[in-house]
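Return a 3D structure for these sequence lines:
(chains A, B and C)
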Amino acid sequence: MTTMTKTEDTPAPTGPEAFLSVRDLRVRFSTEDGIVKAVDGLSFDVERGKTLGIVGESGSGKSVTNLTVLGLHNRKTTEIDGEIVLDGQELTGASERELEKLRGNKVAMIFQDPLTALSPYYTVGRQLSEPFMKHRGASKKEAKARAIEMLDKVGIPQPALRFNDYPHQFSGGMRQRAMIAMALMCDPDLLIADEPTTALDVTVQAQILDLLKDLQQEFGSAIIFITHDLGVIANMADDLLVMYAGRAVERGSVREVLRAPQHPYTWGLLSSMPRLGGDTGESLVPIPGSPPSLLNPPTGCPFHPRCAFTDQVTGASCSGERPSLGAGRAAACHLTGEQKQTIFIDQIKPRLG
Amino acid sequence: MSENVTLPKQQGPTDKPAGEPLLTVEGLTKHFPIYGGFPFKRQVGAVKAVDGVDLTVHAGESLGLVGESGCGKSTTGRLITRLMEPTAGKITYAGRDITRANRKQLAPVRSEIQMIFQDPYSSLNPRQTVGTIIKSPMEVNGINPPGGRENRVRELLETVGLNPEHYNRFPHEFSGGQRQRIGVARALALEPKLIVADEPVSALDVSIQAQVVNLLQKVQDELGIAFLFIAHDLAVVRHFSQRVAVMYLGKVMEVADRDSLYNRPRHPYTHALLSAVPEADVDTGKKERIRLAGDVPSPVNPPSGCRFRTRCWKAQDKCATEEPPLVQISGNREGHLTACHFPEEPSTEARTEDVVMDPALAALEEEHGSDD
Amino acid sequence: MLQFLIRRLTGAVVIMFLIGAFTFFLFYTIPQDFAALSCGKNCSPENLAVIRENLGLDKPIWTQFWDFMVGIVAGRDFPVGHCDAPCLGVSFHTGDFVWDSIIDRFPLTLSLTVGGLVIFLVLGLGSGLLAAWKRGTSLDKAVSGASMVLSSFQIYFLGPIVLGIFVYSTGWLESPKYVPFSDDPAAWALGLLIPWAVMATIFTAQYTRMARSTMIEQLQEEHVRTARAKGMRQRYVFFRYAWRGSLTPIVTILGMDLSGLLAGAVVTEFTFDLAGIGRLAVDSSLTKDLPLTMGVMLFGAFFILLLNILVDLAYAYIDPRVRLA
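Presented below is the predicted three-dimensional model:
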């Protein structure tokens, strides 16, 4: 171990198939209270046709990251470093015009609350047609035909009639379907879904998740699925990135991470969640304390003030040295691989029922 | 994750109703009038938020109340604490009918039934110190605990895991989870016998949720307080409640002890709910897959007969004409009541064929073949 | 929509009636002999009796009220002649019909309002939108700063300064005066140029601030972000999505300002020595000319109610959620 403080994550290997590559992304906002380090050295890849799940609690930087991919952050107060490469095109320095051509076309987004994310002033049909007319140069009539086709595809009954309705005339689930239809209008290669089912009821959530999966099969889009719910991720994603305080703390396939998580934060998340099949006699094991302020994040590993295993780390200091996230399946933690495995099997796994 | 391991424990004595009925609710109804019409405004309809709910909470037990938005679970909680006036029905607390009790008659009961709210940000007065917030219920009710109110507040802060030194701080100085602890301390100030907790953890991050759930569990175990635990998260409710009632469109569809409800549900809606819960396990055995169509109908014009029939795969003509009573179906344990004419098999195991009511899903899956 | 209109118009008529009744009875509680006021200094008891009869002041108060109300709807006969509907009575002071006095003054008030309105809407909303579009730049800061300073000015302060510079010192312009538009449009505009400019300066500053802040608020709405995420041009998003949402608060304030201006811009009129409705209102109140005061007040109330209904219709036009509710 060197004494030098590592501040950057080692970039994950870029496979030739990586459709979106984010390298060492840093996002800082200036606010009245100071500079918020919303994202601090984040790297990940999304492969074509695959789903990357990003899980984290509020303030972990998961939403901010994905707004910056499309340049939807506030450019005046936000400073961005790092690389965002989409299908060979570098986006951090791209002009607004270049980004406009990608948005809603090659990359589309779905937001959390379809009630506020759709404009109350225009019909659903108009809002669906707009991107198709803009990106495909389609006529109003062609756009309408496409919109009705998409509304039908996402399961909106009588789509030709509902085309002329306003969002508030739709129910919550139907609004989110319309939002999905809007995102798919131009057959995007990448769909960024930011907590798309968080505002929905559980039975509607199940419909929408399955719908997204089925539509992904049909359209072949890659999906970045952002959520705070590990259950949803387990259902949706191929790969998983766990974020904490603006950094990625664990990466791997969903199976790997959920079956044998390696980071103490992931352990904490899993053992604080009650399960339908869990033992109700056992208490939940919460993570002590609360997430740090990003105005002044902890030094070293951002999780160390809440971590129960810092005393087992030897040869490195949790509060002084930032653990790096290795390539592929990895966790950013100073514990050795052996320690991680022992702790998980001896202490964590039994809690998970 | 094997069910055999957990089963015996769940059937243990802790799952039995803990004692005498503390609170009984019969035919509880709340209709919110809708005004409109021309030329003079008049009542043209009603949102039937709660439409004939029967529930019993036993002393010292936790009854979970689950359902999706608009099912009337929060309204039920507010009716029970008499924050709202019921349209009809009867609320009996400790043998006394409190449905129409006036302010004066209600006073002794008010201190015994407390409420915890969902939003830890808006349910605390930002201009009062934590001490004042927790102390005020004692002042209002004229309670003078031995050692003084301030001392009691410090004790309460300690009970809920906050630093008693923070007595003079303001709510904004605390995080969301800590604020919810303040809410719990305020509810405990009057030594209540029943706490109605309305989505107490749903506004909190996952890692903080568990802290608050554990606190509530501690409070329940150590102080023997009964809970009406209202939440939409089925896993949290299962973890916290010995008995669980499922509501849909203002009615109770099924109520049972935790084990029966989660492992041997009979109502199709309970099956649909349970099957929809996404689980963070990649290795669990397959459970049944039920995908309903559309959203919950409007409570202004609920379906005739059984309210769930418009989204139910087992619905027949009888369901439209005859409302199923909430009864114990043969084969169910005592206290396991279901309101259904054509109940499901008591199992949540995967079926030979998935139930997919959603036309879009069905069409896409038809096209691609089942990918499961 | 028709039902809505009928309901609102009926409501407006009822409110007008109540305002009329309220002012009427309020005035009659004042222990003041209106006939004596009208009679002048050298008043003989005979003259007083005649005036009293002419004005109908000898009748019981309920009859007077009834006559007044009927007069508004159907017209009314006075000894001095027939007063056509809407008859608001006869001025105690001048002996003219109140309605005629109001209508006589109204063109000036209307001219002041319309001219000022055009200027401050165009400039105010324009610079507000510009500042929001260029948010954070030095242009935005300059516009925001200027509008902050100017909106704290008052007409009676700014007016004399402008008059001093452009009329008294340089003589570039003549003192403000009203020439009817139909007589000479150029003289009409030239005569009102200074009052318009001064009035519009202050309103412009207020509308700039309002337009800027509502636009900035709207630009942070999630649906605006969605529109950008669809790849719509920034300008399109700005004018289609954010602007649409800003209209509701702007229309609300505009309705209030407009009804205030039409009911008489008292300060503007006095500052520039123009005789409009505002001046009429103040004069009538100083001379205790009850019928005229009531008339002006009802006239103003009419515009407030009218603008209220128009604003509600505008809401329905702007926001489909209102339309269907």
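
Find the residue closest to the residue of the stretch 51-200 of chain C found nearest chain A in space, skipping its chain neighbours.
Distance from chain A to each residue of the stretch 51-200 of chain C (CB to the nearest CB) is smallest for C:Gly136, at 4.8 Å. Where you see a C-beta, it was placed from the backbone N, CA and C, and this is true even at glycine. Nearest residue to C:Gly136, sequence neighbours excluded (CB to CB, 6 or more residues apart in numbering or on different chains): A:Lys76, at 4.8 Å.

Let's verify the one you found: helix, strand, or coil?
The three-state label given to A:Lys76 by DSSP: H, G, I helix; E, B strand; the rest coil is coil.

Show me which residues of the stretch 251-372 of chain B are close to chain A?
B:258, B:262, B:272-284, B:291-296, B:358-361, B:363-365, B:367-368, B:371 (CB under 8 Å from any CB of the partner chain).

Write a PyMOL command that selects only the buried members of those residues.
Restricted to buried positions by 16 or more other CB atoms under 10 Å in any protein chain shown, the PyMOL selection for these reads:
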select buried, chain B and resi 258+262+272+273+274+275+276+277+278+279+280+281+291+292+293+294+295+296+358+360+361+364+365
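
Mind checking which of the residues of the stretch 251-372 of chain B next to chain A are in helices?
Taking DSSP state H, the ones among these that sit in helices are B:258, B:262, B:272-276, B:359-361, B:363-365, B:367-368.

wait, which of the residues you listed is closest to chain A?
B:Ala360 (2.5 Å).

pretty sure the closest one is touching A:Gly155, no?
Yes - between B:Ala360 and A:Gly155 there is a contact under CB atoms under 8 Å: 2.5 Å.

tell me the strands in chain B, going along the chain?
B:21-36, B:42-58, B:62-66, B:88-93, B:96-97, B:113-116, B:194-198, B:226-231, B:243-248, B:251-257, B:290-291, B:327-328, B:337-338, B:355-356 (DSSP state E).

Direction included, what does the longest one pair against?
Read that as strand B:42-58. If you go by DSSP bridges, strand B:42-58 pairs up with strand B:21-36 (antiparallel).

Export the partner strand to CSV, keeping only CA atoms.
Taking Å, rounded to 0.1, in the frame of the first residue of the first chain, the C-alpha atoms of strand B:21-36 are listed here in CSV:
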residue,chain,number,x,y,z
PRO,B,21,-60.3,-5.7,22.3
LEU,B,22,-59.1,-2.2,22.9
LEU,B,23,-60.6,-0.6,19.9
THR,B,24,-63.5,-1.8,17.9
VAL,B,25,-64.7,-0.2,14.7
GLU,B,26,-68.0,-1.3,13.1
GLY,B,27,-69.4,-0.1,9.8
LEU,B,28,-67.1,2.9,9.9
THR,B,29,-67.9,5.2,7.0
LYS,B,30,-66.6,8.5,5.7
HIS,B,31,-68.0,10.2,2.6
PHE,B,32,-66.6,13.5,1.5
PRO,B,33,-69.3,15.4,-0.3
ILE,B,34,-68.8,16.8,-3.8
TYR,B,35,-70.5,20.0,-4.7
GLY,B,36,-71.5,21.2,-8.1
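
closest point of the stretch 151-300 of chain A to chain B, which residue?
Residue of the stretch 151-300 of chain A nearest chain B, by CB to the nearest CB: A:Gly155 (2.5 Å).

That residue reaches B:Pro359, doesn't it?
Yes - in this structure A:Gly155 lies within contact range of B:Pro359 using CB under 8 Å: 5.8 Å.

before we move on, the earlier item: can you read off the pLDDT for the residue of the stretch 51-200 of chain C closest to chain A?
The model reports C:Gly136 with a pLDDT of 86.

which residues touch B:Gly77?
By CB atoms under 8 Å, 6 or more residues apart in numbering or on different chains, the contact list for B:Gly77 reads B:65, B:115, B:196, B:198, B:228, B:230.

The residues you listed: which two are farthest apart?
Farthest-apart pair in these is B:Leu65 and B:Met115; separation 13.3 Å (CB to CB).

And these two? Which one has more around it.
Taking neighbours as other CB atoms under 10 Å in any protein chain shown, B:Leu65 and B:Met115 compare with B:Leu65 leading, 31 against 22.

unless I'm mixing things up, the more buried one is touching B:Phe227, no?
No - judged on CB under 8 Å, B:Leu65 makes no contact with B:Phe227 at a distance of 10.0 Å.

re the thing from before, what is the nearest of the contacts of B:Gly77 to chain C?
Ranked by distance to chain C (CB to the nearest CB), those are led by B:Asp198 at 26.5 Å.

how deep is the residue in the stretch 151-300 of chain B positioned nearest to chain C tucked in, by neighbour count?
Nearest residue of the stretch 151-300 of chain B to chain C: B:Val300, at 14.4 Å (CB to the nearest CB). B:Val300 has 14 neighbouring residues, counting by other CB under 10 Å.

so it makes contact with B:Val47?
Yes - with contact defined as CB under 8 Å, B:Val300 reaches B:Val47; the gap is 5.6 Å.

shared neighbours, the two?
With CB under 8 Å, 6+ apart, B:Val300 and B:Val47 have common neighbours B:Ile34.

Distance of C:Ser169 relative to chain B?
Counting by CB to the nearest CB, to the nearest Å, the gap from C:Ser169 to chain B is 56 Å.

number of nearby residues for that residue?
Neighbours of C:Ser169 under the rule other CB under 10 Å: 9.

Can you give me the pLDDT of it?
Note on C:Ser169: pLDDT of 89.

now do B:Gly64
Predicted confidence (pLDDT) for B:Gly64: 96.

tell me the domain ranges of the chain?
In the absence of a named chain, this looks at chain A. Using automatic domain parsing, the domain ranges for chain A come out as A:119-185, A:261-351.

Sorry, I should have been clearer: chain C.
Domain ranges of chain C: C:2-98, C:105-324, per automatic domain parsing.

Pick the most buried one from those.
Stretch with highest mean neighbour count among the domains of chain C: domain C:105-324 (a mean of 19; mean count of other CB atoms under 10 Å in any protein chain shown).

can you pull the contacts of residue 199?
Unless you meant another one, I'm taking chain A. A:Ala199 touches A:112-115, A:172, A:176, counting by CB under 8 Å, 6+ apart.

please go with chain C instead
C:Met199 makes contact with C:112, C:116, C:120, C:155, C:265, C:268 under the criterion CB under 8 Å, 6+ apart.

and with 7 Å instead?
Neighbouring residues of C:Met199 by CB atoms under 7 Å, 6 or more residues apart in numbering or on different chains: C:116, C:155, C:265, C:268.

Filter those down to the ones in helices?
Using DSSP H, the contacts of C:Met199 in helices are C:116, C:155, C:268.

so how far is chain B from the last one?
Remark: distance between C:Thr268 and chain B (CB to the nearest CB) = 41 Å.

about what we covered before: where is pLDDT lowest across the ones in helices among the residues of the stretch 251-372 of chain B next to chain A?
Confidence by pLDDT is poorest for B:His368 among these, given 72.

Share the number of residues neighbouring the residue nearest to C:Gly136, please.
For A:Lys76, the count of nearby residues is 9 (other CB under 10 Å).

Same check on the one 4 residues further on?
A count of nearby residues for A:Ile80, using other CB under 10 Å, gives 17.

So it sits against A:Leu67, correct?
No - checked against CB atoms under 7 Å, the pair A:Ile80 and A:Leu67 is beyond contact range at 10.6 Å.

can you tell me the residue of chain C closest to chain B?
C:Gln3 (4.6 Å).

Can you list the helices and strands that the helix or strand hosting that residue packs against?
Applying DSSP states H and E as the criterion places C:Gln3 in helix C:2-28. Using 3 or more CB pairs under 7 Å, 6 or more residues apart in numbering or on different chains; DSSP states H and E, the elements in contact with helix C:2-28 are helix C:61-74, helix C:290-318.
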